[in-house]
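**Student:** give me a 3D structure for the following:
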Amino acid sequence: MYALIGARIKKAREKKFISQAELGARLGVTATAINYYEKGKRKINIEDLFRLAAALEKPVEYFLPAGNQKGNRNKTLTKWAKQEFYSLKNISVLGTVQAGEPLVSTQMVIGCLPLPQILTGEVDFALQVQGDSMVGEGICDGDLVLIRRQSHVDFNGQIICALIHGKENTLKKFVKDKSGKIYLCAANPVYPPIILNSETELVIQGVYAGVFKFPSGSPRAL
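**Tutor:** Below is the predicted model of the structure:
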């Protein structure tokens, strides 16, 4: 289904003479994300499909693989919406990640977080935050960050979960300056950037895909 949706996204985009980068800018995503959508490599949720349809000035039914009859496409859209809103996806919480000074990794499954499919997209796992170095991005101590598993960054300034020297894990912004130097930067001026060099062993475990905040006054133990 997603391959066909992707093919229709590409067709509609090219008809409007819009580049992948331009479409991505309109939606707040990268050109790479648009490329993955068009190739069917990345699943698109119904919320993003509505935004994309608006950007391309097409009815959302145009992108749905339900034959040529509008009634069939409407049924597909309704069914898909219900599945995304009411189906839950269990996200494994794999221990903690340090939003402060890098911490020796304690990655293990400590619980499960059931979330509606429409909110999870391509989330692969979650980590519980320790520290306040990312408060400028709305990520606070005790929150659960949702992570999409991948080993590369999509854009400069992206928030990543990384393992340093094989044992210390941290949640920071990946920043590359004009000279080519790479830093892991906090979103809190109290914490200086971590400067990476040729001797730094860095493994990107995933990229930030969202945050889950516990209701006020509720226990944060899983």
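**Student:** how many residues are close by D143?
**Tutor:** Burial of D143 is recorded as 20 neighbouring residues (other Cβ atoms under 10 Å). For glycine as for every other residue, the C-beta is placed from the backbone atoms N, C-alpha and C.
**Student:** give the contact list for it.
**Tutor:** Counting by Cβ atoms under 8 Å, 6 or more residues apart in numbering, D143 makes contact with Q128, V129, V211, F212, K213, F214.
**Student:** per-residue pLDDT, it?
**Tutor:** According to the prediction, D143 has pLDDT 91.
**Student:** strands of this protein, start to end?
**Tutor:** Secondary structure of the chain by DSSP state E: the strands cover 88-98, 103-104, 109-116, 125-130, 144-148, 159-164, 168-176, 182-185, 194-196, 202-212.
**Student:** how is this protein carved up into domains?
**Tutor:** The chain resolves into domains spanning 2-85, 88-212 when parsed by automatic domain parsing.
**Student:** now the first one, how far from the centre of its chain.
**Tutor:** How far domain 2-85 lies from its chain's middle: 18 Å, per Cα atoms, centre = their mean, to the nearest Å.
**Student:** now swap in stretch 136-153 and tell me
**Tutor:** Computed by Cα atoms, centre = their mean, the chain-centroid distance of stretch 136-153 equals 9 Å.
**Student:** what does stretch 192-203 give?
**Tutor:** Its chain's C-alpha centre and that of stretch 192-203 lie 23 Å apart, by Cα atoms, centre = their mean.
**Student:** got it, and stretch 185-204?
**Tutor:** Offset of stretch 185-204 from its chain centre (Cα atoms, centre = their mean): 21 Å.
**Student:** what's the span of that stretch, first residue to last?
**Tutor:** With Cα to Cα, to the nearest Å applied, stretch 185-204 spans 14 Å between its terminal residues.
**Student:** ok, N197 to Q205 distance?
**Tutor:** 20 Å (Cβ to Cβ, to the nearest Å).
**Student:** typo on my end, it should be K173
**Tutor:** Counting by Cβ to Cβ, the gap from K173 to Q205 is 15 Å.
**Student:** quick revisit: so which of N197 and Q205 has more stuff around it?
**Tutor:** Taking other Cβ under 10 Å, N197 and Q205 do not tie; Q205 has more neighbours (20 against 7).
**Student:** the more buried one touches E168, doesn't it?
**Tutor:** No: in this structure Q205 lies outside contact range of E168 using Cβ atoms under 8 Å: 11.9 Å.
**Student:** could you list the low-confidence segments of this structure?
**Tutor:** Applying pLDDT under 70 to the chain picks out residues 46-47, 65-88, 100-108, 116-121, 215-222.
**Student:** that one: helices as residue ranges?
**Tutor:** 2-15, 20-27, 31-39, 46-55, 70-86, 117-120 (DSSP state H).
**Student:** what about the closest residue to G136 other than its chain neighbours, how many neighbours?
**Tutor:** Nearest residue to G136 in three dimensions, chain neighbours excluded: A187, at 3.2 Å (Cβ to Cβ, 6 or more residues apart in numbering). When neighbours are counted by other Cβ under 10 Å, A187 registers 18.
**Student:** go ahead and confirm A187 touches S133.
**Tutor:** Yes: using Cβ under 8 Å, A187 makes contact with S133 at a distance of 6.9 Å.
**Student:** give the contact list for the residue nearest to G136.
**Tutor:** Contacts of A187 (Cβ under 8 Å, 6+ apart): S133, M134, V135, G136, E137, I139, K173.
**Student:** how far away is the second one from I204?
**Tutor:** M134 is 16 Å from I204, where distance means Cβ to Cβ.
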